[in-house]
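[1] What shape does this take:
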Amino acid sequence: MKINFYGSSSVGRVRKINEDSFSFDSKLQDKGSIFLVCDGMGGHKAGEVASQYASKKTIDYFYSSNQKDILSKLNEAIKKVNIDIYNFSQKDRSKRGMGTTLVAVVLFEGILYFANVGDSRVYIIRNNSIKRLTKDHSWLEERIIEGLISPEEARNNPNKNIITKCVGYDPNVEPNLGSIPLKEGDRIILCSDGLWDELDDLTIKDIALSQKELKKAVDLLIFSAEKKGGKDNITVVAIDYGRVKINKIRNNKADTALSVISILAVFFLISAVTLCFFYLNTVKENQRLNLIVEESSKEFSNSIKDLQEKNKALEEELDNLLEENSKLKLEVENIKENEIISESLNEILTLDKNFNINEHIENTGIIKKIFIDNNRFLFLTFSSVNRLFFLDNNNIESPLASEIKLYLTETNEGIGFDNIFFNNNDFFSIHDNVLYKNDPNGIMLDEGSINIHKVKELQQSFQENNLAKIIIIQDILYYLTIDMNYDNSLDTDAKTINLYNISENDNINQHYSINLNNITHDIESIDCGFDSENQILYLLLKNENINSLLAFKKIDSGFELTNSININSSDTYPEKILVNKSQNSAKVIIYFNNGSLNYYDEDLELIKEHLLLKSIENTSLKIIDIFINNGSIFVLDDSNNVYSASI
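    Got it, this is the predicted structure:
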């Protein structure tokens, strides 16, 4: 059965922020088409965050669920989103108490499955009747069920907006679940309380069935709720299951006009009968009566035509007003969106899929790390036996792809590796705490092997941990670590960056040491990157609450701190530094665990923000690793797909 749908949301006439959100996905119809409406709460934009997260993430969890039936999938998805939002609120004091209502429906194999938490609702309109499928989690609903108050009294009760359950407020939540067989001609309405609080159920039904086009029906419902007061945000999603029969609602002016026509008809009829009674005996008077009746009938017909034309004009005017209202709403939404973008510098960066690694190389397993150089790709797996793969993307129709083996030049012995580091024509690998490097004649990837030689044995203490990284600076491999020693005078840990040169053949000696006297917060993990063109070392110091980005200029005697900033990331966590060597103004980019990027110039001024989305589905993806090369971002996801976008 064909499914049509449309959704829209309005801030209303009183609120300044729209904390409602809606979402849908009908692309995976073999798993069901899912639709959601959420109404957030919490203040300081917390409600907006909660509703947007719930409306998007519920869909992801639903489609990825391993539960066998639809209601179990919905139940699991809602509970996962609930604990996510609860954990977010516990980590950020400004978001404490945030939550959202949630109502969701899934259409699958002729059945409508529904679930709700809070007072957002699902209605089904069938055979010119409306039925509410969901039960509100509210103070009033409980009183109505107990028989302490009638539904009519509830509409004007001052406590009608008090809900007893929502998503994210408590770590445990039990949604209401149900299902109903669908019939052709059903029209399904999902809405927040901003709609049903202003319009009763019969009015919702009459307006919903007054328009054939779903867009006009949804816009008219929102317009009518706004006209009634619009005290809250208003969100409506409408779904048609097959062809829906429409009931045209007459305009009040047209009804009045038709009433006038009826009165005139009765008046003329009585007049005609009276005239016939008095002048029936004379032919002359009969002719006169016939003439009067004929003229009256003509006038009556002309009046009907005039009224019909006026009625038609009124209907056209109403359609024009609805269309104008939709345009005004769209303009307001565009203005609001532009204000948000200009305020937060946030934009969407769509990623185009380059290829799937599994289509070119068999039995790769899960790829964990990606390197790119001149459109040549290296992929690294981490497992019991680590493996390295090479793919030349210059001719993706028939790409050169193979597994790369490492051979020790002196003995032609195959060497494993625990980690690798790749920079232009320099290739380093570490295995069993021994450092190896490629031979001077370069890296011959297309031959499926790399000849390496032993550089040195590393000290046992040089094992990567959360406060240590290996980085290539001026073609030299350094072990970078942050050491912390308690300073009595400062009553805190004194932090020092130490860089050890591990590329030389002589003994390992400390090469550079940098004091971090300006950093007072704790450090849980780090990341780093080096801009070889401008000779700048970037260092990202991370913990759960405060994250700092520092820039050090390379000078003859070591490194000099030039800039440092704190990165605000209450809802996300910075994962990785990307150094941009192209000519645009963004010199360093920070990748966050929610799939967003922050761009900074050489003075560490924030230039813009990007949210990474797949171009085809316009949805987020689970990112395993991210890499920048020649002004382009390359992304590896959990299905071994490689995406890219120019920045």
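[2] Please make it C-alpha for all contacts and neighbour counts, starting now.
    Noted.
[3] Any regions of the stretch 401-550 of the chain where pLDDT drops low?
    By pLDDT under 70, the low-scoring segments of the stretch 401-550 of the chain are 401, 423-425, 441-447, 459-466, 486-493, 504-510.
[4] Ser548 touches Asn563, doesn't it?
    No. Here Ser548 does not reach Asn563: they are 10.6 Å apart, not a contact under CA atoms under 8 Å.
[5] These two: which is more packed in?
    Neighbours per residue, other CA atoms under 10 Å: of Ser548 and Asn563, the larger number sits with Ser548, 19 against 15.
[6] residues touching Gln90, list them.
    Arg96 (CA atoms under 8 Å, 6 or more residues apart in numbering).
[7] in which helix or strand would I find it?
    In this assignment (DSSP states H and E), Gln90 forms part of helix 70-91.
[8] List the buried residues for the following helix or strand past that helix?
    As assigned by DSSP H and E, the chain's next helix or strand after helix 70-91 is strand 99-108. For strand 99-108, the neighbour count (16 or more other CA atoms under 10 Å) marks 99-108 as buried.
[9] before we move on, what about stretch 30-45?
    Within stretch 30-45, the residues scored as buried using 16+ other CA under 10 Å are 32-43, 45.
[10] Could you do stretch 543-554 as well?
    If you call a residue buried by 16+ other CA under 10 Å, then stretch 543-554 has these buried ones: 544, 546-554.
[11] now do stretch 129-145
    By 16+ other CA under 10 Å, the buried positions in stretch 129-145 come out as 130, 133-138, 140-141.
[12] now swap in stretch 581-601 and tell me
    By neighbour count on 16+ other CA under 10 Å, the buried set for stretch 581-601 is 581, 586-592, 594-601.
[13] Need the max-distance pair from the residues you listed.
    Pairwise distances across the buried residues of stretch 581-601 (CA to CA) peak at 24.3 Å, for the pair Lys581 and Asn594.
[14] I'd like the buried residues of stretch 543-554 as a markdown table, with secondary structure and distance to Ile502 appended.
    Formatted as a markdown table, the buried residues of stretch 543-554 follow (DSSP: H, G, I helix; E, B strand; the rest coil; distance: CA to CA, whole Å):
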| residue | secondary structure | distance to Ile502 |
| --- | --- | --- |
| Glu544 | coil | 31 |
| Ile546 | coil | 31 |
| Asn547 | strand | 28 |
| Ser548 | strand | 27 |
| Leu549 | strand | 25 |
| Leu550 | strand | 23 |
| Ala551 | strand | 23 |
| Phe552 | strand | 20 |
| Lys553 | strand | 21 |
| Lys554 | strand | 18 |
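[15] Make JSON lines out of these and add distance to Lys56.
    Rendered in JSON lines, the data for the buried residues of stretch 543-554 read as follows (distance: CA to CA, whole Å):
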{"residue": "Glu544", "distance to Lys56": "24"}
{"residue": "Ile546", "distance to Lys56": "27"}
{"residue": "Asn547", "distance to Lys56": "27"}
{"residue": "Ser548", "distance to Lys56": "30"}
{"residue": "Leu549", "distance to Lys56": "31"}
{"residue": "Leu550", "distance to Lys56": "34"}
{"residue": "Ala551", "distance to Lys56": "36"}
{"residue": "Phe552", "distance to Lys56": "40"}
{"residue": "Lys553", "distance to Lys56": "42"}
{"residue": "Lys554", "distance to Lys56": "45"}
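[16] For His521, state which of those is nearest.
    When those are compared for distance to His521 (CA to CA), Ile546 comes out closest, at 7.2 Å.
[17] hmm, back to that, would you mind writing the CA trace of the helix holding Gln90 as PDB?
    Extracted as PDB, the C-alpha positions of helix 70-91 are listed here (Å, rounded to 0.1, in the frame of the first residue of the first chain):
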ATOM      1  CA  ILE A  70       8.500  -4.400  15.900                       C
ATOM      2  CA  LEU A  71       7.200  -3.500  19.400                       C
ATOM      3  CA  SER A  72      10.300  -5.000  21.000                       C
ATOM      4  CA  LYS A  73      12.500  -3.000  18.700                       C
ATOM      5  CA  LEU A  74      10.600   0.200  19.500                       C
ATOM      6  CA  ASN A  75      10.800  -0.600  23.300                       C
ATOM      7  CA  GLU A  76      14.500  -1.200  23.100                       C
ATOM      8  CA  ALA A  77      15.300   1.900  21.000                       C
ATOM      9  CA  ILE A  78      13.300   4.200  23.400                       C
ATOM     10  CA  LYS A  79      15.000   2.800  26.500                       C
ATOM     11  CA  LYS A  80      18.500   3.200  24.900                       C
ATOM     12  CA  VAL A  81      17.700   6.800  24.000                       C
ATOM     13  CA  ASN A  82      16.400   7.400  27.500                       C
ATOM     14  CA  ILE A  83      19.600   6.200  29.200                       C
ATOM     15  CA  ASP A  84      21.700   8.300  26.700                       C
ATOM     16  CA  ILE A  85      19.900  11.500  27.600                       C
ATOM     17  CA  TYR A  86      19.900  10.700  31.300                       C
ATOM     18  CA  ASN A  87      23.700  10.200  31.200                       C
ATOM     19  CA  PHE A  88      24.200  13.500  29.200                       C
ATOM     20  CA  SER A  89      22.200  15.400  31.900                       C
ATOM     21  CA  GLN A  90      24.300  13.900  34.700                       C
ATOM     22  CA  LYS A  91      27.500  15.000  33.100                       C
END
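[18] in that helix, what counts as buried?
    Buried residues in helix 70-91 (16+ other CA under 10 Å): 70-71, 73-89.
[19] Which ones among the buried residues of stretch 129-145 lie within strands?
    Ile130 (DSSP state E).
[20] could I get the buried residues of stretch 129-145 as a markdown table with pLDDT and distance to Val642?
    Converted to a markdown table, the buried residues of stretch 129-145 look like this (pLDDT from 0 to 100; distance: CA to CA, whole Å):
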| residue | pLDDT | distance to Val642 |
| --- | --- | --- |
| Ile130 | 96 | 48 |
| Leu133 | 97 | 44 |
| Thr134 | 96 | 43 |
| Lys135 | 93 | 45 |
| Asp136 | 93 | 45 |
| His137 | 93 | 44 |
| Ser138 | 91 | 47 |
| Leu140 | 86 | 52 |
| Glu141 | 88 | 51 |
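[21] Could you tell me which of the buried residues of stretch 129-145 belong to helices?
    Mapping those onto helices (DSSP state H) picks out 140-141.
[22] Quick check: the residue nearest to Asn630 when sequence neighbours are not counted vs Val588, distance?
    Closest residue in space to Asn630, ignoring its immediate chain neighbours: Ser582 at 5.7 Å, by CA to CA, 6 or more residues apart in numbering. Distance of Ser582 to Val588, computed by CA to CA, to the nearest Å: 11 Å.
[23] Overlap of the contact sets of these two?
    Here Ser582 and Val588 share no contacting residue, scored by CA under 8 Å, 6+ apart.
[24] Check what contacts stretch 365-378 and list those residues.
    379-382, 388-394, 422, 424, 624-629, 636, 638-640.
[25] buried residues in it?
    Buried residues in stretch 365-378 (16+ other CA under 10 Å): 366-372, 376-378.
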